[in-house]
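Undergrad: sequence and predicted structure, then a few things I'm wondering about:
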Amino acid sequence: MRRPNGFKGFSVMSIGQIISITGSAMTQFGLGIWIWEKTGNATPFSIIATAFFIPNLIFSPIAGALIDRWPRKRSLILPDLAAGLVTITLLILLIFNKLSLSFIYIASFIEGTFNAFQWPAYSVTISVMLKKEEYAKANGLFSMTDSAPTVLAPIVAGALIPFIGLKGIMITDIVTFIFAIGAVLWVYIPKNIIEGKAKLGILKDSLFGFGYIFARKALLLLLFVFLFTNFLSGFYSTLFTPLILAKTNNSSISLGIVQSSFGIGGILGGLLMTVWGGTKKKIKTLLLGILFSSVGSITLGLSKNLIMLMVSALLIAIPSVAANASSQAIWQSKVSPSLQGRVFAARRVIAQLAGVIPMVASGPLVDHVLGPFVDHKIVLNALFGIEKGGAIAILASISGILTVILIIIGFSIPLLMHVEDINYEGGTTKLTEEEIPLK
């Protein structure tokens, strides 16, 4: 049988990832229940998230350098293989009644380290396997590896745990890793003629991506659009759970419905981009996607009932996928495949660093500043709600308003609007940044 290649081959790998990540999410769901039953505390969940986040941030530049050196399939398989081995270890500890929080923290750290390879590795693979006009469709398809498990994992795991327990969930997860690795091994991926050659040395290679981005003004400007967008949205997305609970009288069912709405929106956005691919000039789809998503943030803050919350979730999720897929398509068309591992890893580090500030500051801001300010303000209470829930809602709407202003400014910047016309590595046009008109 002929091995699948091109868009068909990438679709096979994407389906494998959806299956694998759904399995991982099911294990996380089951472990969350186990941790809550054992401890009754929220702190372990924060520690697990931090243990995953920090190595992902630290090792991303090194991962990018290795991705540009290694054969593509090694970089694609490594995260799934590492996660599978971690799950097997946790399963053995659970069987022998030796599983503890300490082992779960270590497992989260290990998974975060190897997860640093996944996103840049698949981003580079799209550039190697597909034509440039297929980039946006492929990124739309791959976006469903995030959204589909969000919808599927809680439903499937919740239904199976009463019958097969956490052990059965972990065994199911291990089987899903085999699907993901098998899909990568089966698909034909063209070899990049530069991969494997000596570069600058691992340390200099790890820093290469940062210098590359800062030397190219249009790409840097494009990255800044996402930096500010993520920065602003982080102030309310970090507090999404208490926001929804405050607006629904602490209804966990409503929280689950709204979370599922985000996942469904992600799937719909992925399908939309897979079929449509966006406008001819991807920068237009990107900016319009962020614009409509920002309107969703505004309505989220103003929503008074479950229906409006669900509509707001869809309005945020669907255009966000279009914006992210278009951004990826632009970067993939402008950066040579031989450099993308390092450059894309640098992009990720910069974006994650920007997200740390709202992650840390949003809670104290609501508890000690906005919460007391909103209290007894009749107009604000009528618009957004009362106390801390109302304060978070204000952050959501202000985030949306400021982002709308940012996007309107973006449409007026020629260098940003012509980012696809500039001849960087992998480009086909003859314009330089200096030739872009100022007005």
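TA: Arrived safely, thanks for sending.
Undergrad: only C-alpha atoms for contact and neighbour calcs from this point on.
TA: Noted.
Undergrad: now the helix or strand harbouring residue 315: buried residues?
TA: Per DSSP states H and E: residue 315 is located in helix 306-334. The neighbour-count check on helix 306-334 (16 or more other C-alpha atoms under 10 Å) flags 306, 308-334 as buried.
Undergrad: could you do stretch 254-264 as well?
TA: By neighbour count on 16+ other C-alpha under 10 Å, the buried set for stretch 254-264 is 254, 255, 257, 258, 259, 260, 261, 262, 263, 264.
Undergrad: also stretch 278-292?
TA: For stretch 278-292, by 16+ other C-alpha under 10 Å, it's 278, 282, 283, 284, 285, 286, 287, 288, 289, 290, 291, 292.
Undergrad: so where's the stretch 151-300 of the chain uncertain?
TA: Applying pLDDT under 70 to the stretch 151-300 of the chain flags residues 192-200, 252.
Undergrad: run the last query once more with 80
TA: Scanning the stretch 151-300 of the chain for pLDDT under 80 picks out the ranges 191-203, 238-239, 241, 250-253, 255-256.
Undergrad: okay, strands next: where are they in it?
TA: Using DSSP state E, counting those that start in this stretch, the stretch 151-300 of the chain contains no strands.
Undergrad: can you map out the helices along it?
TA: Counting by DSSP state H, counting those that start in this stretch, residue ranges of the helices within the stretch 151-300 of the chain are 202-214, 217-237, 240-247, 252-276, 282-302.
Undergrad: could you give the angle of the second one to helix 282-302?
TA: On the basis of axes from the mean of the first three to the mean of the last three C-alpha atoms, to 10 degrees, helix 217-237 is oriented at 20 degrees to helix 282-302.
Undergrad: ok, and for helix 217-237, which residues are buried?
TA: Neighbour-count burial for helix 217-237 flags 218-223, 225-237 (criterion: 16+ other C-alpha under 10 Å).
Undergrad: would you map the strands across the stretch 301-439 of the chain?
TA: Counting by DSSP E, counting those that start in this stretch, no segments of the stretch 301-439 of the chain form strands.
Undergrad: surely residue 19 is in contact with residue 178?
TA: No. Under the criterion of C-alpha atoms under 8 Å, residue 19 makes no contact with residue 178, lying 9.7 Å away.
Undergrad: more neighbours: these two, which one.
TA: The residue with more neighbours, out of residue 19 and residue 178, is residue 19; 24 against 16, by other C-alpha atoms under 10 Å.
Undergrad: contacting residues around that one?
TA: Each residue near residue 19 by C-alpha atoms under 8 Å, 6 or more residues apart in numbering is listed here: 149, 176, 177, 179, 180.
Undergrad: and which of those residues is nearest to residue 55?
TA: If you rank these by distance to residue 55 using C-alpha to C-alpha, residue 177 comes first, at 21.6 Å.
Undergrad: just give the nearest non-adjacent residue to that closest one, would you?
TA: Among residues not flanking residue 177 along the chain, residue 20 sits closest, at 5.1 Å (C-alpha to C-alpha, 6 or more residues apart in numbering).
Undergrad: quick one, domains of the protein?
TA: 1-198, 202-439 (automatic domain parsing).
Undergrad: show me the contacts for the closest residue to residue 241 other than its chain neighbours.
TA: Counting by C-alpha to C-alpha, 6+ apart, residue 241 lies nearest to residue 255, which is 7.1 Å off, once chain neighbours are set aside. Taking C-alpha under 8 Å, 6+ apart, we find residue 255 in contact with 241, 244, 245, 248.
Undergrad: including distance to residue 154 and neighbour count, could these go into JSON lines?
TA: Output for those, formatted as JSON lines (distance: C-alpha to C-alpha, whole Å; neighbours: other C-alpha atoms under 10 Å):
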{"residue": "241", "distance to residue 154": "16", "neighbour count": "16"}
{"residue": "244", "distance to residue 154": "18", "neighbour count": "27"}
{"residue": "245", "distance to residue 154": "18", "neighbour count": "16"}
{"residue": "248", "distance to residue 154": "20", "neighbour count": "17"}
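Undergrad: so residue 289 sits against residue 319, correct?
TA: Yes. Using C-alpha under 8 Å, residue 289 is in contact with residue 319, at 4.4 Å.
Undergrad: in the stretch 301-439 of the chain, where is pLDDT below threshold?
TA: For the stretch 301-439 of the chain, the stretches with pLDDT under 80 are 351-356, 359-360, 363, 371-372, 374-383, 385-388, 423-439.
Undergrad: show me where it has helices.
TA: For the stretch 301-439 of the chain, applying DSSP H, counting those that start in this stretch gives helices covering 306-334, 340-364, 371-374, 378-384, 387-411, 414-417.
Undergrad: that older thread, nearest to residue 419 among the contacts of residue 255?
TA: residue 241 (37.0 Å).
Undergrad: if I look at the residue most central in space within the chain, how far off is residue 25?
TA: Nearest to the mean C-alpha position of the chain, by C-alpha atoms, centre = their mean, lies residue 146 at 6.8 Å. Distance from residue 146 to residue 25, counting by C-alpha to C-alpha, to the nearest Å: 10 Å.
Undergrad: now do residue 272
TA: Taken as C-alpha to C-alpha, the span from residue 272 to residue 25 is 24 Å.
Undergrad: ok, residue 381 next?
TA: On the measure of C-alpha to C-alpha, residue 381 and residue 25 end up 37 Å apart.
Undergrad: which of the residues in stretch 84-101 are buried?
TA: Neighbour counts over stretch 84-101 (16+ other C-alpha under 10 Å) mark 84, 86, 87, 88, 90, 91 as buried.
Undergrad: please state the offset of it from the chain centre?
TA: Centroid displacement of stretch 84-101 relative to its chain, using C-alpha atoms, centre = their mean, to the nearest Å, is 27 Å.
Undergrad: repeat that for stretch 368-383.
TA: 32 Å.
Undergrad: need the contact partners of that stretch.
TA: Contacts to stretch 368-383, defined as C-alpha under 8 Å, 6+ apart, come from residues 302, 365, 386, 387, 388, 389, 390, 391.
Undergrad: next, format those residues as JSON lines and append distance to residue 4 and neighbour count.
TA: Output for these, formatted as JSON lines (distance: C-alpha to C-alpha, whole Å; neighbours: other C-alpha under 10 Å):
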{"residue": "302", "distance to residue 4": "48", "neighbour count": "22"}
{"residue": "365", "distance to residue 4": "52", "neighbour count": "17"}
{"residue": "386", "distance to residue 4": "56", "neighbour count": "22"}
{"residue": "387", "distance to residue 4": "56", "neighbour count": "21"}
{"residue": "388", "distance to residue 4": "53", "neighbour count": "24"}
{"residue": "389", "distance to residue 4": "50", "neighbour count": "23"}
{"residue": "390", "distance to residue 4": "52", "neighbour count": "26"}
{"residue": "391", "distance to residue 4": "52", "neighbour count": "27"}
